[in-house]
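# With the input below, show me the fold.
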Amino acid sequence: MQFSAITFFNEIYLNRGIALAISALQHNSELTQFFIQTLDEESYRVCNLVFKDSSRIKIFSPSSIESDLKEVNEISSGSELFFMMKPICILRCIQRERIKGNLIYLDADLFFFQSLTLPNRNETSSVLLSKHIFAKRTVGHAQYGIYNAGFISFQLDKDESVAFVEEWLSACFEKIKDRKPGISFSDQVVLNQIADRSKHLNFFSDMRINQSLWLINVWFIIFTD
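Below you'll find the predicted structure:
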């Protein structure tokens, strides 16, 4: 299955984002285009140096989303800013590049150890969400979202995919503006709400795809039994 991918990061996540892109390209011959949205000039400069000879990498400067960055900076900071920027970067990439086919969003701290194999979608699905696999000690983390916002696959031949991202972004703005003092904002919690009322989703749960410390004691059981 041919697909394109997108991630975003700033200088803090620069090394991890570069490692993600390199590993994704090395292990996935069917990855036709990897889009990187940089959030600051240093990330943009370094990425252009590292990937200057890669025809499969396309790098967007922070100026390409300048108005979005300004708007988000006015209402959020720190990790909340990153949560808000996720649906923005996905949507702007789709709009700018007029992408068709499969687009996969990847968090910048992911890394590929093998080629990606996704389950088959049903004919009506436009978005594929992965569910967290929680270890017993982290099952309480489900309150922060049961779907993994760090790995989402969009079938962009279907209009519902773009509508899903637009609804996710709109709900994020609404949630962060109306949150009570002391209550943190998370895009995964909002993703739960959007997914619950969408009719065009497929779900899968696979420990080989985007699982980390949530799952660590399960892995120990697998390899020590």
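# Okay, Ser23 and Ser76: tell me how far apart.
Plainly put, Ser23 is 30 Å away from Ser76 if you go by C-beta to C-beta, to the nearest Å. Every residue, glycine included, has its C-beta placed from N, CA and C.
# What of Ile18?
For Ile18, the distance to Ser76 - C-beta to C-beta - is 25 Å.
# can you give me the helices for the chain?
Counting by DSSP state H, the chain has helices at residues 14-27, 41-50, 66-73, 78-97, 159-178, 187-196, 216-224.
# Those helices: which one's closest to Asn120?
helix 159-178 (16.6 Å; C-beta to C-beta).
# Run the angle between that closest one and helix 187-196 for me.
130 degrees (axes from the mean of the first three to the mean of the last three C-alpha atoms, to 10 degrees).
# Buried residues, stretch 43-56. List them.
Ser43, Tyr44, Val46, Cys47, Phe51 (16 or more other C-beta atoms under 10 Å).
# Give me the distance between the two termini of it.
End-to-end distance for stretch 43-56: 18 Å, by C-alpha to C-alpha, to the nearest Å.
# Report the rounded mean pLDDT for that stretch.
Across stretch 43-56, pLDDT averages out at 97.
# Stretch 186-198 now?
pLDDT averaged over stretch 186-198 gives 82.
# contact partners of that stretch?
83-84, 86-87, 127, 129, 144-149, 160, 164, 167-168, 171-172, 175, 201 (C-beta atoms under 8 Å, 6 or more residues apart in numbering).
# how about 10 Å then?
79-80, 82-87, 125-127, 129, 132, 141-150, 152, 160, 163-165, 167-176, 201, 203 (C-beta atoms under 10 Å, 6 or more residues apart in numbering).
# Could you list the low-pLDDT ranges of the chain?
Segments of the chain classed as low confidence (criterion: pLDDT under 70) are 121-124, 134-145, 180-185, 207-225.
# quick one: Glu42 and Glu11 touch, right?
Yes: the pair formed by Glu42 and Glu11 meets the contact definition of C-beta atoms under 10 Å, at 4.6 Å.
# the more surrounded of those two?
A count of neighbours by other C-beta atoms under 10 Å puts Glu11 above the other of Glu42 and Glu11, at 16 against 13.
# more crowded one of Ser23 and Ser76?
More neighbours surround Ser76 than the other of Ser23 and Ser76, with 20 against 15 (other C-beta under 10 Å).
# contacting residues around the more buried one?
Phe82, Phe83, Met84, Met85, Cys172, Phe173, Ile176, Lys177, Arg179, Phe185.
# Apart from its neighbours in sequence, what residue is nearest Tyr44?
Thr38 (4.2 Å; C-beta to C-beta, 6 or more residues apart in numbering).
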